[in-house]
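>>> Below: sequence and its predicted model.
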Amino acid sequence: MDPIQLLFYVNGQKVVEKNVDPEMMLLPYLRKNLRLTGTKYGCGGGGCGACTVMISRYNPSTKAIRHHPVNACLTPICSLHGTAVTTVEGLGNTRTRLHPIQERIAKCHGTQCGFCTPGMVMSMYALLRNHPEPTLDQLTDALGGNLCRCTGYRPIIDACKTFCKASGCCQSKENGVCCLDQEINGLAESQEEDKTSPELFSEEEFLPLDPTQELIFPPELMRIAEKQPPKTRVFYGERVTWISPVTLKELVEAKFKYPQAPIVMGYTSVGPEVKFKGVFHPIIISPDRIEELGVISQARDGLTLGAGLSLDQVKDILADIVQKLPEEKTQTYRALLKHLRTLAGSQIRNMASLGGHIVSRHLDSDLNPLLAVGNCTLNLLSKDGERRIPLSEEFLRKCPEADLKPQEVLVSVNIPWSRKWEFVSAFRQAQRQQNALAIVNSGMRVLFREGGGVIEELSILYGGVGSTIISAKNSCQRLIGRPWNEGMLDTACRLVLDEVTLAASAPGGKVEFKRTLIISFLFKFYLEVSQGLKREDPGHSPSLAGNHESALDDLHSKHPWRTLTHQNVDPAQLPQDPIGRPIMHLSGIKHATGEAIYCDDMPAVDRELFLTFVTSSRAHAKIVSIDLSEALSLPGVVDIITADHLQEANTFGTETFLATDEVHCVGHLVCAVIADSETRAKQAAKQVKVVYQDLAPLILTIENYE
Ligand code: FES
Ligand code: FES
């Protein structure tokens with residue numbers, strides 16, 4: 001296969017790359033090659049949203065352009081052929097014109113250090129390109145993948161809310177009074193007492209949003225997509241070859257030829273493994289615009305979804321279906337939808353594919369336990385033909401007899417309709433509602449004998465509690481035939497705790513908390529199903545002791561709703577005196593346009609060197625030896641500094657800068673590697689061999705600390 005040129009657009013400018021390195025991600029390409037430093041490097045792993053940009057793609061079959069946010073740090077540039085990329089620089093700047101989002105986020109005090117701001121602006125921009133007057137739900141959803149360590153989010157949300165059609169009411173009424181009225185009444189009283197004002201900005205001075213002023217999709221890309229027959233593209237790098245087949249036949253052939261090569265769509269599973277775990281794939285297969293991978297079809301037994309659909313597309317499809325079909329048919333879809341609303345952030349959901357999520361079988365996958373209890377099946381294809389396998393616990397455990405064969409491709413997933421008297425529930429607990437991996441999650445399903453409240457089928461799967469997703473199948477088996485009542489719940493809790501055991505050394509720790517979650521989810525499931533049974537047939541409803549139904553209430557407020565007031569200045573204060581007035585951060589506008597320059601944004605100076613630290617992997621240990629020889633022999637490595645080199649300069653009072661002979665926490669600085677590039681410094685740091693000898697006490701939890 002001949003290599004081809006990579007063609008895409010950035011902020012309306014054509015980019016053609018002849019020698020594309022498949023290992024090159026969009027973020028360094030923008031920042032280093034194109035010198036567009038407005039897009040920031042925060043976590044580098046899809047977790048913070050600082051690198052958000054918008055990708056636009058034209059589909060010649062539907063004639064539609066799809067705009068969506070992505071994390072540039074996880075987007076290989078090879079995947080961008082034929083797309084248009086918009087970065088914060090493409091929206092506006094202080095020299096020409098500001099985009100209304102940039103203006104409002106600055107004027108509403110939505111920036112402090114400003115590092116997250118370009119990412120926030122771009123997430124909001126992608127939302128407004130699709131929904132110029134978004135709802136609060138859409139707004140909350142769009143910003144879910146962006147972290148801010150400074151502002152507390154309120155002023156950012158305030159700025160973004162100025163684009164919403166709705167007034168900002170949370171739509172809940174307490175004592176018959178709307179939340180807005182409560183806020184306003186409370187505010188009026190406090191203003192009276194404190195002489196404070198909620199006026200932090202004036203909406204009248206904001207530029208209007210005019211969608212006709214946005215960058216158009218490049219006509220050249222549209223023409224190419226319409227006229228040129230799609231052709232498999234291959235990009236050869238120094239270490240990696242990237243193959244993008246455009247038909248299912250070519251995809252199957254590529255998988256036959258390279259059975260060990262991963263199939264990637266969004267690079268959100270493979271990317272972090274390559275980046276952070278040192279996994280290496282010499283060949284990557286990345287299908288592009290293959291119709292069968294984007295299939296959406298409804299049949300008598302359920303819905304079939306193409307494996308290449310993004311999780312965000314799946315969310316929209318399911319949201320549409322649950323509106324149209326009766327609740328009893330859509331139990332699994334509703335449960336999936338609940339998880340899809342909080343799974344990662346909008347950027348990752350737009351990049352990650354349904355098939356990739358299933359096949360990667362991450363321990364903390366939110367969807368797999370649900371798809372398994374929902375009796376889903378996977379449609380596979382290889383040169384040997386088609387095959388269907390159940391998405392079962394055995395598949396999730398990668399049992400060879402239940403798994404894909406190396407040369408098989410997952411084409412689509414069948415998700416059956418639920419039946420009458422069948423209930424499916426989804427649970428997860430994470431450190432924050434969105435954009436955080438679950439500590440424990442679960443999918444649960446029960447089917448009752450027609451109208452009798454007696455269990456006919458029961459399946460319960462937990463994620464996050466072991467080295468694979470775990471099924472409580474023996475417990476479920478023993479509960480078949482039991483009526484759905486509190487006696488059954490008692491037995492179920494005992495059985496499940498016996499079956500889903502957690503060793504004290506379980507990965508991720510938090511063993512007691514996880515055990516509590518296992519039972520809490522079961523209890524919630526009992527309540528949810530009891531409520532469902534009561535709705536279906538009040539005559540068969542199980543009794544619920546006390547007021548336990550409140551356990552089903554959502555703890556998270558639906559929309560962020562806060563009010564900030566500031567003290568009014570003395571009317572006699574001179575207008576030019578800024579003290580006490582809510583004044584925009586002086587760098588706010590430049591934060592919002594990406595023009596503010598941070599250290600990492602400065603161009604490299606001649607013969608600049610880069611330093612990275614080797615840090616302790618032990619909590620408390622003696623350093624037995626440090627071997628620098630291999631690291632020092634790598635190209636580009638200039639020196640490695642240890643505590644011995646620094647001598648007295650290493651000591652500050654009772655503390656040392658680099659560890660001398662002991663480390664006292666994971667992350668304790670051990671030595672510093674200096675090289676002529678950041679990549680080489682990091683590579684060399686990995687080659688420093690430190691031998692530790694663990695010491696007591698090891699303080700790993702608050703309970704260990706005495
Ligand atoms: Fe944090 Fe990309 S840098 S998501
Ligand atoms: Fe959001 Fe500093 S991280 S303003």
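In hand now; what should we look at? Ligands and ions are numbered 1, 2, ... in the order given.

>>> ok now the host helix or strand of residue 487, how far from the chain's centre?
Take DSSP states H and E as the rule and residue 487 turns out to sit in helix 486-499. Counting by CA atoms, centre = their mean, to the nearest Å, helix 486-499 is centred 34 Å from the centre of its parent chain.

>>> With adjacent residues omitted, what lies nearest to the residue nearest the centre of the chain?
What sits nearest the mean C-alpha location of the chain, by CA atoms, centre = their mean, is residue 344, with 2.6 Å. Among residues not flanking residue 344 along the chain, residue 435 sits closest, at 5.8 Å (CB to CB, 6 or more residues apart in numbering). Quick note: C-beta positions are derived from backbone N, CA and C, even for glycine.

>>> if we can go back for a sec, quick one: contacts for the residue nearest to the centre of the chain?
For residue 344, the contacting residues are 46, 145, 268, 311, 352, 434-435, by CB atoms under 8 Å, 6 or more residues apart in numbering.

>>> same check, this time on residue 308
265, 287, 290, 293-294, 353-355.

>>> Return the closest of those with respect to residue 327.
Minimum distance to residue 327 across those is 23.0 Å, recorded for residue 354 (CB to CB).

>>> re the thing from before, which pair in the contacts of residue 344 spans the largest distance?
It's 268 and 434 that sit farthest apart of those, by CB to CB, at 15.5 Å.

>>> higher neighbour count, the two?
Under the criterion of other CB atoms under 10 Å, the comparison of residue 268 against residue 434 puts residue 268 first, with 27 against 18.

>>> tell me the pLDDT at that one?
Residue 268 carries a pLDDT value of 93.

>>> From what I see, it and residue 347 are in contact.
No. Using CB atoms under 8 Å, residue 268 is not in contact with residue 347, being 9.2 Å away.

>>> intersection of neighbour lists for these two?
Residues touching both residue 268 and residue 347 (CB under 8 Å, 6+ apart): residue 46.

>>> ok now the lengthiest helix in the chain, how far from the chain's centre?
Ranked by number of residues, the top helix in the chain under DSSP state H is helix 511-536. Distance, stretch centre to chain centre, for helix 511-536: 26 Å (CA atoms, centre = their mean).

>>> now that helix against helix 486-499, angle please.
Here helix 511-536 points in a direction 150 degrees away from that of helix 486-499 (axes from the mean of the first three to the mean of the last three CA atoms, to 10 degrees).

>>> After helix 511-536, heading C-terminal, what element do we hit next?
That would be, after helix 511-536 and using DSSP H and E, strand 566-567.

>>> which other residues reach that next one?
Residues contacting strand 566-567 (CB under 8 Å, 6+ apart): 194-197, 200, 580, 582.

>>> ditto for stretch 516-531
Outside stretch 516-531, the residues that reach it (CB under 8 Å, 6+ apart) are 423, 425, 427, 429, 439-440, 442, 444, 446, 460, 462, 465, 484, 489, 492-493, 496-497, 500, 541-542, 544, 548-549, 551-552.

>>> now, which of those lie close to ligand 2?
Among the contacts of stretch 516-531, none lies close to ligand 2 by the criterion of CB under 6 Å from any ligand atom.

>>> Just the buried ones out of these, please.
423, 425, 427, 429, 439-440, 442, 444, 446, 460, 462, 465, 484, 489, 492-493, 496-497, 500, 541-542, 544 (16 or more other CB atoms under 10 Å).

>>> So in terms of bridging, what pairs with residue 6?
residue 17 (DSSP bridges).

>>> and whatever residue of the stretch 201-350 of the chain ends up closest to ligand 1, what element?
Closest contact between the stretch 201-350 of the chain and ligand 1, by CB to the nearest ligand atom, is at residue 347 (7.2 Å). Applying DSSP H and E as the criterion places residue 347 in helix 346-351.
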